[in-house]
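Student: need a 3D model of the sequence below.
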Amino acid sequence: MPRRGRHARPSHLRARIVLSTSVATAAGALTGLTATPASASTTGDLAVTYAAREAGDRYVYGTAGPDTFDCSGLVQYVYAQLGVKLPHSSRMQHDLLPTVAKADRQPGDVVFFYDRSGVVYHDGIYAGNDEMWAAPHTGDVVRRQKIYTDAYWVGRPAATSSTQATGAHPTLRLGSTGPAVVTVQRLLDLSADGEFGPRTDAAVRRFQARNGLTANGVVAASTWSALERRGATPPPPPPSGGSVGTPLLRLGSTGPAVVVLQRALHLAADGEFGRRTQAAVIAFQRRHGLTADGVVGPRTWAALR
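Tutor: Model prediction:
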């Protein structure tokens, strides 16, 4: 969440004016940003998918991924993977994005919350059904939550022409860096450092060979498509010895069952039930009305399945 400040005039009392110098400087990063309806739906659906993958990541003020976020950092990180560059400030994001009516909001739109003075203080990614993905505040984690007030505006990012041409994904290869590389690494169950090095290159080539693709290590449209299908595949049922709910997993657990759990939660699967896995479990339990104790017992396994 950016530090709170005050607009020259409340936004709800003025027409959109020429941006301030600081905002105009940040606007240079948005060259090519468009608001075409055709791209909004595709881009918005992907934005919701990418935001959901960060479920359970801790809120840390001033961060923008890949493992911790504040509110505008989450929005910036998600849309960076779709070729849309946004500043790390909810107020600047609000000033730069085309606005749409609440009645026309779509999944992937950015919801901007404002105070009594019309100052934007928080934002999140609309997920449908009056809910959004957001990094709420210190002590919380990225999670899907109800929109808690009517005092908000809606902005709509859209893919640039270059990302539209490649299915809203950049082409990646050895030497690439950034959030999109993190996405590839997570889909391949690698440690996600955002650097496309020899380890990631080898994993991409193996994946391509297994899926009948040209094993050249280049992540272009066909490889992205196969990776997305893999990420959307439901996880296998937990190893349970024929009894749903066993083994019981908690902080400190290790082994194949933890790997299954982590994949179900879209985490990097290292087989160790650490603090990050515990936070993701708690966030999942809250979203499904379960006891949010971080312990994976019968009811949590059933919900995961």
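Student: return the residues in contact with residue 259.
Tutor: Counting by Cβ atoms under 8 Å, 6 or more residues apart in numbering, residue 259 touches 269-271. (Glycine included, C-beta is placed from N, CA and C.)
Student: check it and give its pLDDT.
Tutor: For residue 259, the model assigns a pLDDT of 79.
Student: tell me the backbone dihedrals of it, please.
Tutor: phi -60, psi -50 (degrees, to the nearest 10).
Student: what of residue 99?
Tutor: Per degrees, to the nearest 10, the backbone of residue 99 is at phi -90, psi 150.
Student: neighbours of it, just the number please.
Tutor: 15 (other Cβ atoms under 10 Å).
Student: that one touches residue 155, doesn't it?
Tutor: Yes. The pair residue 99 / residue 155 is scored as a contact, 5.7 Å apart, by Cβ atoms under 8 Å.
Student: can you tell me how far the residue nearest to the spatial centre of the chain sits from residue 252?
Tutor: Geometric centre of the chain, nearest residue: residue 51, 2.1 Å, by Cα atoms, centre = their mean. For residue 51, the distance to residue 252 equals 29 Å [Cβ to Cβ, to the nearest Å].
Student: residue boundaries of the strands in this protein?
Tutor: 58-59, 68-69, 99-100, 110-114, 120-128, 131-134, 143-146, 152-155 (DSSP state E).
Student: dump those strands to TSV, plus mean pLDDT and distance to residue 178.
Tutor: As requested, those are exported to TSV (pLDDT from 0 to 100; distance: least, Cβ to Cβ, whole Å):
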stretch	mean pLDDT	distance to residue 178
strand 58-59	94	21
strand 68-69	94	16
strand 99-100	86	28
strand 110-114	94	20
strand 120-128	94	19
strand 131-134	96	20
strand 143-146	96	24
strand 152-155	93	23
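Student: need these in JSON lines (columns: distance to residue 293).
Tutor: Shown next, in JSON lines, are the strands of the chain (distance: least, Cβ to Cβ, whole Å):
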{"stretch": "strand 58-59", "distance to residue 293": "18"}
{"stretch": "strand 68-69", "distance to residue 293": "23"}
{"stretch": "strand 99-100", "distance to residue 293": "40"}
{"stretch": "strand 110-114", "distance to residue 293": "30"}
{"stretch": "strand 120-128", "distance to residue 293": "25"}
{"stretch": "strand 131-134", "distance to residue 293": "23"}
{"stretch": "strand 143-146", "distance to residue 293": "16"}
{"stretch": "strand 152-155", "distance to residue 293": "32"}
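Student: from residue 261, how far out is the nearest residue to residue 255 once chain neighbours are set aside?
Tutor: Among residues not flanking residue 255 along the chain, residue 271 sits closest, at 5.9 Å (Cβ to Cβ, 6 or more residues apart in numbering). To residue 261, residue 271 is 9 Å away according to Cβ to Cβ.
Student: who has more neighbours, the two?
Tutor: residue 261 (25 against 15).
Student: that one contacts residue 297, correct?
Tutor: No. Counting by Cβ under 8 Å, residue 261 stays clear of residue 297, with 11.8 Å between them.
Student: and residue 141, how far from residue 275?
Tutor: 11 Å.
Student: so which of those two has more stuff around it?
Tutor: Each of residue 141 and residue 275 has its neighbours counted (other Cβ under 10 Å); residue 141 has more, 20 against 11.
Student: state the pLDDT value of that one.
Tutor: 95.
Student: got it, and residue 101?
Tutor: So residue 101 comes in at 88 (pLDDT).
Student: could you dump the contacts of residue 259 to TSV with pLDDT and distance to residue 286?
Tutor: Shown next, in TSV, are those (pLDDT from 0 to 100; distance: Cβ to Cβ, whole Å):
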residue	pLDDT	distance to residue 286
269	76	22
270	78	24
271	78	24
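Student: and those residues as CSV, adding distance to residue 292?
Tutor: Shown next, in CSV, are the contacts of residue 259 (distance: Cβ to Cβ, whole Å):
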residue, distance to residue 292
269, 22
270, 23
271, 23
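Student: and of those, the nearest to residue 189?
Tutor: Residue 189 lies nearest to residue 269 out of the contacts of residue 259, by Cβ to Cβ, at 4.8 Å.
Student: okay but the closest one is in contact with residue 189, surely?
Tutor: Yes. Between residue 269 and residue 189 there is a contact at 4.8 Å, judged by Cβ under 8 Å.
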